[in-house]
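Participant: This is the structure alone, sequence omitted:
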Ligand code: ADP
């Protein structure tokens, strides 16, 4: 890997401020060409215990620093992420596959959470509440929860980490992170910069492992861990939630989605098409807020599809390191097989292939449009996580709200239209944690990110994000 600062490519885990070898290691591959990017330490339950212990020892001194001091350290970490953004993006693209421009965007986006929570650290305010008697006073303080076990996925190998670690550290918590085994280098690079920024030993630890369930089990069963924060599949989220129940640990879960994208007949078709392409094909369709079901009102259905086709045709597939690539490879064979299966199921049930539909070389899949999609198809129910745009036709507002909500997921939803009364009705009627109205750019450090239903609970970003890492303590005084 050709980096300006070769130090950012670390192969060892990071525990208690030290780079730790392991007896075993696992290989990380570039999903574009299947070449090896190197080996990473494969840790188990014992090393995870040590990391948790280190995080516990670091907790009291870290939380006892003034908020300003923690803030300054976080700002330094943020500045280093900006300084090294090109190297961080290179690592990200090589291990994950997304186009380099998207990777660079992810690094800047990820750093924005560090900046935001560096500021929020100083605004962990309490409350004074009128008492329940003339001689009573009630005061509220918020306190750092303690050691956090964080588990992150491969689709945003960098930003999903900063979205958890920055608010945790800002609140005064310490963290043991287990990144995805598919993309550990981005996590280790962030750890290298954390070390340089002066984050004290034990405050941020990275446990790399190919045995995710063993690490997850240790996080959930170890009494020293007070909070689990997870981003990933609903399947694994449910496992962690049930494991965490034993110790009644606090949990935040950001799980799968099945985003509806609704276009009403008074929408700007051009804007809707542009939003649809962005939100559908970002990261080759592999994000939890990717458009999954495109509902277009009858009167503009044909016009929408005919405007969508050339935009999708223009998306170049290829290596994320080539400047004009817009859609990189899928993450692995399982993702490719699942994309093909969803496509075949939809075609067998009457969907029409309007554009694309082919598996190209390696893990590249052609950006695809299906029309005449129906609610009985697997593609309606499952998270696609691939570059297939399935377009459904609807007639009325009530019908489309019912269809949009006909899923166990509830993360992001989008709709395009101009009628203001309808905008309110639809926005209120959608059972989702986030709704984009005439936009699909819904995610920033300023806005709470998270879901309802089986998409999980808890929020990342915004003033709400830090509260996931704080306990409320009420003090009742007699005076
Ligand atoms: P995806 O389908 O997006 O890969 P996963 O939920 O499988 O999502 O993975 C997200 C994260 O959860 C990764 O870091 C992965 O290693 C981890 N993981 C997978 N299985 C388990 C498990 N049983 N317990 C804890 N973590 C797990």
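Facilitator: Yes, it's here. It should be emphasised that the depicted structure is a prediction, and the values quoted were computed from it without experimental measurement. Numbering: from 1, shown residues only.

Participant: how does the chain divide into domains?
Facilitator: Following automatic domain parsing, the chain resolves into domains at 6-256+454-478, 259-406+412-444.

Participant: Redo those domains as CSV? Include mean neighbour count and mean pLDDT.
Facilitator: Where you see a C-beta, it was placed from the backbone N, CA and C, and this is true even at glycine. Listed next are these as CSV, based on neighbours: other C-beta atoms under 10 Å; pLDDT from 0 to 100:
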stretch, mean neighbour count, mean pLDDT
domain 6-256+454-478, 21, 98
domain 259-406+412-444, 19, 98
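
Participant: Now do the helix or strand harbouring residue 336: everything it contacts.
Facilitator: Using DSSP states H and E, residue 336 sits in helix 333-348. Under the contact criterion C-beta atoms under 8 Å, 6 or more residues apart in numbering, helix 333-348 has outside partners 286, 330, 353, 357, 359, 363, 365, 368, 370, 373, 377-379, 382, 384-388, 390.

Participant: Go through the residues you listed and flag which are in helices.
Facilitator: Using DSSP state H, the members of the contacts of helix 333-348 that fall in helices are 378, 379.

Participant: Per-residue pLDDT of residue 1, please?
Facilitator: Residue 1 carries a pLDDT value of 86.

Participant: That one contacts residue 35, correct?
Facilitator: No. The criterion here is C-beta atoms under 8 Å, and residue 1 misses it with residue 35 at 10.4 Å.

Participant: Quickly note the distance from residue 14 to the ligand.
Facilitator: Distance, residue 14 to the ligand, using C-beta to the nearest ligand atom, to the nearest Å: 16 Å.

Participant: Spell out the secondary structure type for that residue.
Facilitator: Under DSSP: H, G, I helix; E, B strand; the rest coil, the three-state class of residue 14 is strand.

Participant: Kindly report the same for residue 205.
Facilitator: Put simply, residue 205 is strand when judged by three-state DSSP.

Participant: How about it: which residues does it bridge to?
Facilitator: residue 176 (DSSP bridges).

Participant: from here on, count from 508
Facilitator: Let's use 508 as the start, then, which means that last one is residue 712.

Participant: what's the spacing between it and residue 859?
Facilitator: To residue 859, residue 712 is 51 Å away according to C-beta to C-beta, to the nearest Å.

Participant: Over to residue 816?
Facilitator: Taken as C-beta to C-beta, the span from residue 816 to residue 859 is 12 Å.

Participant: The residue nearest to the spatial centre of the chain and residue 681: what is the separation?
Facilitator: Nearest to the mean C-alpha position of the chain, counting by C-alpha atoms, centre = their mean, stands residue 667 at 4.8 Å. When distance is defined by C-beta to C-beta, residue 667 is 18 Å away from residue 681.

Participant: Residue 772 too?
Facilitator: 53 Å.

Participant: Same question for residue 799.
Facilitator: 36 Å.

Participant: So what would you say the end-to-end distance of stretch 705-720 is?
Facilitator: 31 Å (C-alpha to C-alpha, to the nearest Å).

Participant: does any part of it sit near the ligand?
Facilitator: Yes. Using C-beta under 6 Å from any ligand atom, stretch 705-720 reaches the ligand at 719, 720.

Participant: mind checking how far that stretch is from the chain centre?
Facilitator: Relative to the centre of its chain, stretch 705-720 is centred 18 Å away, using C-alpha atoms, centre = their mean, to the nearest Å.
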